[in-house]
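Chemist: What follows is a predicted structure for the sequence shown.
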Amino acid sequence: MASPSKLRSDREVPSPESALIRIEHLHKTYHMGDNHVHALRGVSLEIARGSFVAIMGASGSGKSTLMNIIGCLDKPSSGKYYLDGVDVGALDRDQLADIRNKKVGFVFRQFNLLARTSALENVELPLLYSDSEKSTFKDRAMAALTAVGLAERYDHHPSQLSGGQQQRVAIARSLINDPQLILADEPTGALDSKTSVEIMGIFQRLNREKGISIVVVTHEPDIAHYSDRIIQFKDGHIIVDEAITSPRNAERELAEWPEEVEEKEPVA
Amino acid sequence: MNKILQSMRIAFRALRVNKLRSALTMLGIIIGVGAVIAMVSVGSGATDRIHQQIASIGSNVIIIQPGSQNTGGVRTGNGNAQTLTEDDARAVQEECPSVMYASPIQQNQQQIVYQNNNWATRIYGVSPEYLTIRDIRIEEGQPFTTDDVRSTNKVALLGKTVVDSLFAGEDPIGKTIRIRKVPVTVVGTLVPKGQNSSGQDQDDLIIMPITTAKKKIMGGGRQNNWQQIGQIMVQARDGQNQNAMDQIEALLRQRHRLQATEDNDFQVRSLEEMAAAQEQATQIMGLLLASIASVSLIVGGIGIMNIMLVSVTERTKEIGLRQAVGAKTKDILSQFLVEAVTLALLGGCMGIMMGVVASLGISYFAGWNTLVSLPSIAAAFLFSALVGVFFGYYPARKAALLDPIEALRYE
């Protein structure tokens, strides 16, 4: 039941009223030989700190492009993108990497964990590229794994974990540097429905308890309704931008989940 | 430093994933480094042998030999003519400013008797300077002196082999041995020199005053002229080898009253120069061997590059992920570079071991002198690291410059 106004954030915010994400007249054009593909055609958007936003749209609608730009993986062709007050368009490759490391956490549809590497080390991965003290790695990674309820499996390799567990490791990895924003690209796309709800529950809890802003890209309207704002894309434009007054509550739904709830929880 | 150790760990893990592939890639470097080490050891072994040879001769040594003889159109080889005399030797010593010492040498094989034992050895009739020139030291007793030469005293210095053969544990100093029935007193023994480069025992000899050797022992035969000697050994002053040779030649031509049109009836050779020429030839040979061997090291490096390129392609998605979570260009670059260098260094270390074993094998089976030097091991280690950096850089750069979006999407 998170809404921006009710947010309890213990994070130091430079200017509380400024939006976490501010996008102005954003265009992105891909050049493929003689073809120019206009993936984004003048998108303007603000996302407040601590909000939970779902982005929907058919493939080719421009939502992935927007995700890449929001995630500082790509730069706009024209227009402005401010993340936490920083003009991302002006940054170079390594500065973008630094922003991704410190401010953004990524969660992918296919989890993207390193094989033959323990859950703990997977979670530690972003720390390797930060200036954090090596001695703190393990404690911080364990804390992140605890936050997603997977602490006792810290030494398991991805192949020894279920899909849902792998995605939780991925979420723990995205959390490790205390990001302001978690970007989840179809995080439930490879999971069954109950596991999907569990994952959305974790996002809701992180959003509510830690004040982390969450942007989820999804095809499924069901999943989108765990957020408190849905933005729909079509042909490089925003066609719908609606606030959800009463989002779904994953924790409550899980508590009422029929039968297997009791036997599956302890396993995880 | 921490970062490097971290990268090393990641590299080891990545290399362990494809053990066979890593091992085969390393094999190229192993063979390359091993071959270079072995070839360099053969080369420096040969050079070392020449150094030993120079050392055993003594430094700045020049040898004057009689020239060839022309008797009724039949020419003999060098050294057969009887043109050098003791006076020549004395003149060389006294009149050539670049000559430090000169000693006449007359040598001959003789049977030596001490009580019940007898032994055949080479007698060197020389002047006391000979010991200095050849850097022969006295172990026990005293060397003979110029007085001994002048007075034709029957004294001798014995090499270790002779001592061992004649005196079983007995102290030879002061004892009398018989050479051709002539009683000779042993005044000293020589510090052993071991074998020379052609395997000849340098301790199987007796040194005595030239006068004694010629007049009392060798006598008669071809040495009927008491003045004539087999050769003159000269030590030039440091760095004046060539001057000394020129002065000797001029002096002897004058003493032998040779006309300008006449050839020398003697021959002057600097042993050191001969050895130096030989050393140069050996070094060139060693260099040639090493450069052929290093071709295989380069081939090994190409193998590393090949495998690293495959590895980068295979791990595109991993690279994309690392970039997404904040890896900078240099992070990815160093990760793959460290991996290539680790591969090369591991191969290099094994190659060093293989090279050492190979050179031991060469000296054992072929009987060649081989010398594995620490610098060559260090150089091989460094060079294999360099191969890793050189051939790993391109694949690593390729990885580091991947577009994160493309890389993440790669299947």
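Modeler: Yep, that arrived. These numbers come from a predicted model, not from an experiment. Numbers count the residues shown, from 1 in each chain, chains lettered A, B, ... in the order given.
Chemist: Would you list the phi and psi of the residue of chain B found nearest chain A?
Modeler: As assessed by C-beta to the nearest C-beta, chain A sits closest to residue B:326 within chain B, at 2.4 Å. From N, CA and C alone the C-beta is placed, and that goes for glycine too. The phi/psi pair for residue B:326 (degrees, to the nearest 10) reads phi 120, psi 10.
Chemist: and it, what is it in contact with?
Modeler: Residue B:326 makes contact with A:97, A:98, A:100, A:101, A:102, A:126, A:129, A:130, A:177 under the criterion C-beta atoms under 8 Å, 6 or more residues apart in numbering or on different chains.
Chemist: And those residues, which is closest to chain B?
Modeler: Among these, residue A:101 lies closest to chain B (C-beta to the nearest C-beta), at 2.4 Å.
Chemist: ok now do that closest one, which residues does it touch?
Modeler: Counting by C-beta under 8 Å, 6+ apart, residue A:101 has contacts A:126, A:129, A:130, A:177, B:325, B:326.
Chemist: Give me the PyMOL select line for those, limited to the buried ones.
Modeler: Applying 16 or more other C-beta atoms under 10 Å in any protein chain shown to the contacts of residue A:101 leaves a buried subset, and the PyMOL line that selects it is:
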select buried, (chain A and resi 126+129+177) or (chain B and resi 325+326)
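Chemist: Filter the contacts of residue A:101 down to the ones in helices?
Modeler: Among the contacts of residue A:101, the ones falling in helices (DSSP state H) are residue A:126.
Chemist: Let me have the contacts of residue A:101 in a markdown table, adding distance to residue A:218 and pLDDT as columns.
Modeler: Formatted as a markdown table, the contacts of residue A:101 follow (distance: C-beta to C-beta, whole Å; pLDDT from 0 to 100):
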| residue | distance to residue A:218 | pLDDT |
| --- | --- | --- |
| A:126 | 24 | 94 |
| A:129 | 28 | 91 |
| A:130 | 29 | 90 |
| A:177 | 24 | 92 |
| B:325 | 22 | 94 |
| B:326 | 25 | 92 |
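Chemist: so where do the strands sit in the chain?
Modeler: Since no chain was named, I'll use chain A. A:21-32, A:35-47, A:52-57, A:78-83, A:86-87, A:104-107, A:181-185, A:213-217, A:229-234, A:237-243 (DSSP state E).
Chemist: try again with chain B
Modeler: For chain B, applying DSSP E gives strands covering B:61-66, B:70-71, B:74-75, B:99-114, B:117-126, B:138-141, B:155-158, B:176-179, B:182-190, B:205-209, B:231-236, B:266-270.
Chemist: re earlier: can you list the contacts of residue A:101 in JSON lines and add distance to residue B:33?
Modeler: Shown next, in JSON lines, are the contacts of residue A:101 (distance: C-beta to C-beta, whole Å):
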{"residue": "A:126", "distance to residue B:33": "38"}
{"residue": "A:129", "distance to residue B:33": "34"}
{"residue": "A:130", "distance to residue B:33": "38"}
{"residue": "A:177", "distance to residue B:33": "43"}
{"residue": "B:325", "distance to residue B:33": "37"}
{"residue": "B:326", "distance to residue B:33": "37"}
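Chemist: Now the most centrally placed residue in chain A. Nearest residue, chain neighbours left out?
Modeler: For chain A, the residue nearest the mean C-alpha position is residue A:183 (2.3 Å; C-alpha atoms, centre = their mean). In space, and not counting its chain neighbours, residue A:183 is closest to residue A:71: 4.8 Å by C-beta to C-beta, 6 or more residues apart in numbering or on different chains.
Chemist: Close to chain B: what parts of the stretch 151-268 of chain A are there?
Modeler: A:173, A:177 (C-beta under 8 Å from any C-beta of the partner chain).
Chemist: ok so, going back, give me the nearest residue to the residue of chain B closest to chain A, chain neighbours excluded.
Modeler: Nearest non-adjacent residue to residue B:326, counting by C-beta to C-beta, 6+ apart: residue A:101, 2.4 Å away.
Chemist: Relative to residue A:140, how far out is the one you found?
Modeler: Going from residue A:101 to residue A:140 by C-beta to C-beta, to the nearest Å gives 14 Å.
Chemist: Residue A:55 now?
Modeler: According to C-beta to C-beta, residue A:55 and residue A:140 sit 29 Å apart.
Chemist: Who has more neighbours out of these two?
Modeler: Legend: neighbour count by other C-beta atoms under 10 Å in any protein chain shown for residue A:55 and residue A:140, higher for residue A:55 (27 against 18).
Chemist: and that one, what does it touch?
Modeler: Residues near residue A:55 by C-beta under 8 Å, 6+ apart: A:63, A:66, A:67, A:215, A:216, A:217, A:218, A:230, A:231, A:232, A:233.
Chemist: which of those has the most neighbours?
Modeler: residue A:66 (28 neighbours).
Chemist: where do the helices sit along the stretch 101-250 of chain A?
Modeler: For the stretch 101-250 of chain A, the helices defined by DSSP state H, counting those that start in this stretch cover A:119-128, A:137-147, A:163-175, A:193-210, A:221-224, A:250-255.
Chemist: Adding distance to residue A:153, write those helices out as CSV.
Modeler: Formatted as CSV, those follow (distance: least, C-beta to C-beta, whole Å):
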stretch, distance to residue A:153
helix A:119-128, 6
helix A:137-147, 8
helix A:163-175, 7
helix A:193-210, 15
helix A:221-224, 25
helix A:250-255, 19
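Chemist: What residues does the stretch 201-350 of chain B have near chain A?
Modeler: B:317-318, B:320-331.
Chemist: Quick one: buried ones out of these?
Modeler: The neighbour-count test (16+ other C-beta under 10 Å) marks B:317-318, B:320-329, B:331 as buried among those.
Chemist: For residue A:244, state which of those residues is nearest.
Modeler: residue B:324 (28.3 Å; C-beta to C-beta).
Chemist: ok, that closest one touching residue B:409?
Modeler: No: Residue B:324 lies out of contact with residue B:409 (C-beta atoms under 8 Å); the separation is 11.3 Å.
Chemist: Can you give me the distance of residue A:222 to residue A:197?
Modeler: From residue A:222 over to residue A:197 (counting by C-beta to C-beta), the distance is 9 Å.
Chemist: Which one's more surrounded, these two?
Modeler: A side-by-side neighbour count of residue A:222 and residue A:197, using other C-beta under 10 Å, places residue A:197 first with 21 against 14.
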